[in-house]
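1. Generate a structure from the sequence data that follows.
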Amino acid sequence: MGELFNERGEDGELEMSLQEVPSGHWKSSLIIQVQPTNIQGKPFFYFPLRKKKNLLSEDTRERSRQTAISKKKKEGEMEQGSAFDLYLLPEDCISNILSLTTPRDVCRSSTVSPVFRSAANSDSVWEKFLPSDIHQILSSSSVSPSLPTFSSKKQLFLHLCDNPLLIDGGTKTFALEKCSGKKCYMIGARELTIIWGSSPEYWKWIPHPESRFSEVAELLCVWWLEIRGKIETRLLSPNTTYGAYLVLKFTNRAYGFEPLAEVSVKLASGTGGAEEGEVKSVSLNPRSLRSRNASSSEEAVADPPPEGPKERGDGWMEIEMGEFFNERGEDGEVVMSLMEVNCSICKSGLIIQGIELRPKENQPV
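-> Numbering: from 1, shown residues only. Presented below is the predicted three-dimensional model:
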């Protein structure tokens, strides 16, 4: 039932018990050997601890106690299933353990103790959460000379989570997902293939104060709307499910988006192999955002409307184009597209910032 070290002397008492909490099941066939009781009516195995006489000196008793403790440690301290005090580990060892978890777990563990806090803030931990090609990414930044000096790898990590970095001549942005440390990219409108995008009578390129990029594409008038983008899978985090999102806005006079559009995200091999992926219909109509917010949950369940623009936290809207699992490594390519080719309706007032690729939520990291 257990063990104890008796050091209380005259004022201690030992009590032993066995309980099975009622769980709605009958018990049967257990045999208990009845023990004799003492004069107080208690079971024989319930007894007070009494010393008949103190025959040993204080020093002798202390040596006996230390010997018993040492023997106990040698016999059972490292047995399987026994408790182990993590505070006894060196800080470097704790750092190595934390580096095998996630940024979210490391931040939580920093509240355990000062030793864990020091280990959780070490560069050896946060360096593992930075991509292996981080120096190449930073060197390709369009604003690398103006980047702040970071006092730690943790500070650099958090900066990249909250401040997307312009790279590749200002045509893309790079960031890190805070909970997992996985890569996020946005492909700017200038890097996308927009049909008739270079024709000033159909599209115009303007700066926008809320854009990450120097300019965005504003639709003046087209009957055939087609936007495509692509990115190499080697740039993305491996073994990760990504979502692709068209980031957009509408002007106050936007019109012509009542017909549904088709979006797709397809994977293609770097050797020109066939693409694979799904095609789905979405609504570009900005009024669909207001109508979805106003509709009841019962109506949404009974007849769910097609996906449409959703509000983001940065003042823009986005439409999910699809998702894919990145496992191709160095030789794959992701191709994303949006098409609305109902040539009987002219479309106007759409503003495109780019296509964002980021890890999907609620997945193992």
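
2. Tell me the bridge partners for Phe325.
-> Residues in a beta bridge with Phe325, per DSSP bridges, are Thr241.

3. List the residues that contact the nearest residue to Ile195 once chain neighbours are set aside.
-> Leaving aside its sequence neighbours, Ile195 sits nearest to Glu226 (C-beta to C-beta, 6 or more residues apart in numbering; 4.2 Å). Where you see a C-beta, it was placed from the backbone N, CA and C, and this is true even at glycine. Glu226 makes contact with Ile194, Ile195, Ser337, Leu338, Met339, Glu340, Val341 under the criterion C-beta atoms under 8 Å, 6 or more residues apart in numbering.

4. One more: Gly181?
-> Per C-beta under 8 Å, 6+ apart, neighbours of Gly181: Thr102, Pro103, Phe129, Leu130, Phe157, Val365.

5. Buried by neighbour count, from the contacts of Glu226: which ones?
-> Buried members of the contacts of Glu226, scored by 16 or more other C-beta atoms under 10 Å, are Ile194, Ile195, Ser337, Leu338, Glu340.

6. Looks like the first one contacts Ile227 (just checking).
-> Just to be clear, that refers to Ile194. Yes - contact criterion C-beta atoms under 8 Å: Ile194 and Ile227 qualify, at 5.3 Å.

7. what touches both of these two?
-> Common contacts of Ile194 and Ile227 (C-beta under 8 Å, 6+ apart): Ile352.

8. Checking the nearest residue to Asn121 once chain neighbours are set aside next. Helix, strand or coil?
-> Of all residues not flanking Asn121 in the chain, Lys154 sits nearest, at 5.9 Å (C-beta to C-beta, 6+ apart). Here Lys154 is helix, with the state taken from DSSP: H, G, I helix; E, B strand; the rest coil.

9. how near is Lys154 to Gly277?
-> Using C-beta to C-beta, to the nearest Å, Lys154 is found at 37 Å from Gly277.

10. more neighbours, the two?
-> Lys154 (21 against 18; other C-beta atoms under 10 Å).

11. List the contacts of the more buried one.
-> Counting by C-beta under 8 Å, 6+ apart, Lys154 touches Asn121, Asp123, Val125, Trp126.

12. quick one: which of those residues sit in helices?
-> Using DSSP state H, the members of those that fall within helices are Asp123, Val125, Trp126.

13. neighbours around the first one, how many?
-> Residues near Asp123, counting by other C-beta under 10 Å, number 15.

14. Excluding chain neighbours, what is closest to it?
-> The shortest distance from Asp123 to any non-neighbouring residue, by C-beta to C-beta, 6+ apart, is to Lys153 (4.4 Å).

15. That neighbour reaches Ile134, doesn't it?
-> No - with contact defined as C-beta under 8 Å, Lys153 does not count as touching Ile134 (9.4 Å).

16. What residues sit buried inside stretch 94-112?
-> Ile94, Ser95, Asn96, Leu98, Ser99, Thr101, Thr102, Pro103, Val106, Ser109, Ser110.

17. could you give the mean pLDDT of it?
-> Here stretch 94-112 scores 89 as its mean pLDDT.

18. okay, how far is it across it, tip to tip?
-> 12 Å (C-alpha to C-alpha, to the nearest Å).

19. Report the distance from it to the chain centre.
-> On the basis of C-alpha atoms, centre = their mean, to the nearest Å, stretch 94-112 sits 14 Å off its chain's mean C-alpha point.

20. Name the residues of stretch 327-335 that are buried.
-> Result for stretch 327-335 [16+ other C-beta under 10 Å]: buried residues Arg328, Gly332, Glu333, Val334, Val335.

21. Could you dump those into JSON lines with distance to Ile345 and secondary structure added?
-> Listed next are the buried residues of stretch 327-335 as JSON lines, based on distance: C-beta to C-beta, whole Å; DSSP: H, G, I helix; E, B strand; the rest coil:
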{"residue": "Arg328", "distance to Ile345": "38", "secondary structure": "coil"}
{"residue": "Gly332", "distance to Ile345": "36", "secondary structure": "strand"}
{"residue": "Glu333", "distance to Ile345": "32", "secondary structure": "strand"}
{"residue": "Val334", "distance to Ile345": "30", "secondary structure": "strand"}
{"residue": "Val335", "distance to Ile345": "26", "secondary structure": "strand"}
